[in-house]
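> next one to model:
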Amino acid sequence: MLFIIHTKDHDPAHVHVYFGTPKDHEARARVQLQNVEIIDSDAFTGSDLKKIEDRCEKRKEEFLTEWRRINRKKLQ
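Numbers count the residues shown, from 1 in each chain. This next block holds a predicted model:
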């Protein structure tokens, strides 16, 4: 799985998760970082989504710090 924070992205702070690449993926999801929850997904299984949430929870502070740095925003 590939976890990506896009530049010039919109609130809420989130990561994009791909199985494959952003342009050529078999599955994708977006995960909100403040409360670590799936915003939406396509083609990931339930167990995959649980793994994604677990990884995001473990790396939450790292992802939030990077999201702020990349998007130059203060989270509300």
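> neighbours of residue 19, how many?
15 (other CB atoms under 10 Å). C-beta: built from backbone N, CA, C; applies to glycine.
> for the nearest residue to it once chain neighbours are set aside, what are phi and psi?
Of all residues not flanking residue 19 in the chain, residue 27 sits nearest, at 4.1 Å (CB to CB, 6 or more residues apart in numbering). Geometry field for residue 27 lists phi and psi as phi -150, psi 160, criterion degrees, to the nearest 10.
> next up, the contacts around residue 27.
Residues in contact with residue 27, defined by CB atoms under 8 Å, 6 or more residues apart in numbering, are 18, 19, 20, 41, 42, 43, 44, 48.
> and it, how far from residue 52?
Between residue 27 and residue 52 the computed distance is 10 Å (CB to CB, to the nearest Å).
> ok, now residue 19?
Distance of residue 19 to residue 52, given as CB to CB: 10 Å.
> give the residues shared as contacts by the two.
When contacts are counted by CB under 8 Å, 6+ apart, the set common to residue 19 and residue 52 consists of 1, 44.
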